[in-house]
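> model the structure of this input:
(one chain, ligands or ions: 1)
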Amino acid sequence: MQIGILGSGLMGGKLGTIFARAGHDVVFSYARSEQKLKKLGSHGTPREAARDAEVVLLAVHWSRVAEVLKQAGDLAGKVIVSCSLPMNADDTALVIAHTSSGAEALAKQVPKARVVSAFNTVPSEVLFGVFAGRRRAKRPSLVYCGDEASSKETAAKLIHDVGFEPVDAGPLRIARYTEPFALLVAQLAYEGDEGPELSYRFSRGA
Ligand SMILES: NC(=O)c1ccc[n+]([C@@H]2O[C@H](COP(=O)([O-])OP(=O)(O)OC[C@H]3O[C@@H](n4cnc5c(N)ncnc54)[C@H](OP(=O)(O)O)[C@@H]3O)[C@@H](O)[C@H]2O)c1
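Residues are numbered from 1 along each chain as shown. Alright, predicted model coming up:
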């Protein structure tokens, strides 16, 4: 797959690197340091990263979403996989929740794109470890949601490529539940004393 990364920080830099290691064509964009983008690999402006991409990974702080979308240009028909959480400036609270979600607000901003919310419920620190363990029988879970079947299939493939078991949580409005859940995972990862390399796994039955 051709994948454009919008936001090449902790999440975008790591996920893009893993996507490339899994065999995808990745173009990184949107970091303040050109040096950082160079180190990651193929890179360009957000518009260049998005131009030939079937999938765009949105991985910027909530306050930068409108700006990076503007720089990316026309995203009609593309799958946008968003790991961005609708956080306030100091990352202490969701600014959208309960009656809507960051993912739904994003979908309203880009009505012709196909938004899937994914990768927002795990800390970046666990990503390389999950990828390294992808041949293990029991994979960690990763919830995702979206309104359109084929874009969800694409996202599920990427989730699987990273080493997770994709868990389809339903339509995009379920991001109202997955986004606060992401804060729970962050609480356990960053406020616990066992380090941030945390993932989760759902199991059914006893
Ligand atoms: N980190 C996590 O574990 C985690 C987990 C779940 C969800 N999320 C969500 O994922 C999203 C990305 O988080 P992150 O931790 O990856 O953030 P991050 O490390 O700060 O990465 C954001 C990227 O945006 C770039 N950027 C910011 N302002 C810019 C500007 N004015 N011009 C150009 N580039 C700019 C940064 O550039 P520089 O690289 O030069 O700083 C960086 O590459 C957020 O919405 C967050 O809530 C994060």
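> quick one: contacts for whichever residue of the chain sits closest to the ligand?
Across the chain, no residue is closer to the ligand than residue 9, which sits at 1.9 Å (CB to the nearest ligand atom). (Each C-beta comes from the backbone N, C-alpha and C, glycine too.) Residue 9 makes contacts with 31, 59-60, as judged by CB atoms under 8 Å, 6 or more residues apart in numbering.
> now the most centrally placed residue in the chain. Its backbone dihedrals?
Taking CA atoms, centre = their mean, the centroid of the chain lies closest to residue 83, which sits 2.9 Å from it. With angles defined as degrees, to the nearest 10, residue 83 sits at phi -110, psi 10.
> I'd say it and residue 14 touch.
No: using CB atoms under 8 Å, residue 83 is not in contact with residue 14, being 10.5 Å away.
> that older thread, next one, pLDDT for the residue nearest to the centre of the chain please.
pLDDT, residue 83: 98.
> what distance do you get for it to residue 113?
Using CB to CB, to the nearest Å, we find residue 83 at a distance of 15 Å from residue 113.
> who does the helix ranked longest in the chain touch, helix- and strand-wise?
For the chain, the helix that runs over the most residues, judged by DSSP state H, is helix 175-191. When contacts are defined as 3 or more CB pairs under 8 Å, 6 or more residues apart in numbering; DSSP states H and E, helix 175-191 packs onto helix 102-109, strand 114-117, strand 141-146.
> in a markdown table, list those along with distance to the ligand.
Formatted as a markdown table, the helices and strands packed on helix 175-191 follow (distance: least, CB to the nearest ligand atom, whole Å):
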| stretch | distance to the ligand |
| --- | --- |
| helix 102-109 | 8 |
| strand 114-117 | 10 |
| strand 141-146 | 11 |
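> hang on, the earlier thing: how about the contacts made by the residue nearest to the centre of the chain?
11, 15, 57-59, 117-120.
> repeat that for 7 Å
Taking CB atoms under 7 Å, 6 or more residues apart in numbering as the criterion, residue 83 is in contact with 11, 59, 118-120.
> is it true that residue 164 touches residue 129?
No: the pair residue 164 / residue 129 is not scored as a contact, 11.4 Å apart, by CB atoms under 7 Å.
> more neighbours, the two?
Neighbour count, other CB atoms under 10 Å: between residue 164 and residue 129, residue 164 has more, with 28 against 12.
> what separates the more buried one from residue 100, distance-wise?
26 Å.
> quick check: residues of the chain near the ligand?
Counting by CB under 6 Å from any ligand atom, the chain comes close to the ligand at 7-12, 30-33, 36, 59-62, 64, 83-85, 87, 120, 123-124, 182.
> out of those, which are inside helices?
Those of those mapping onto helices are 10-12, 36, 182, per DSSP H.
> strands along this protein, start to end?
Counting by DSSP state E, the chain has strands at residues 2-6, 25-29, 55-58, 79-82, 114-117, 141-146, 165-168.
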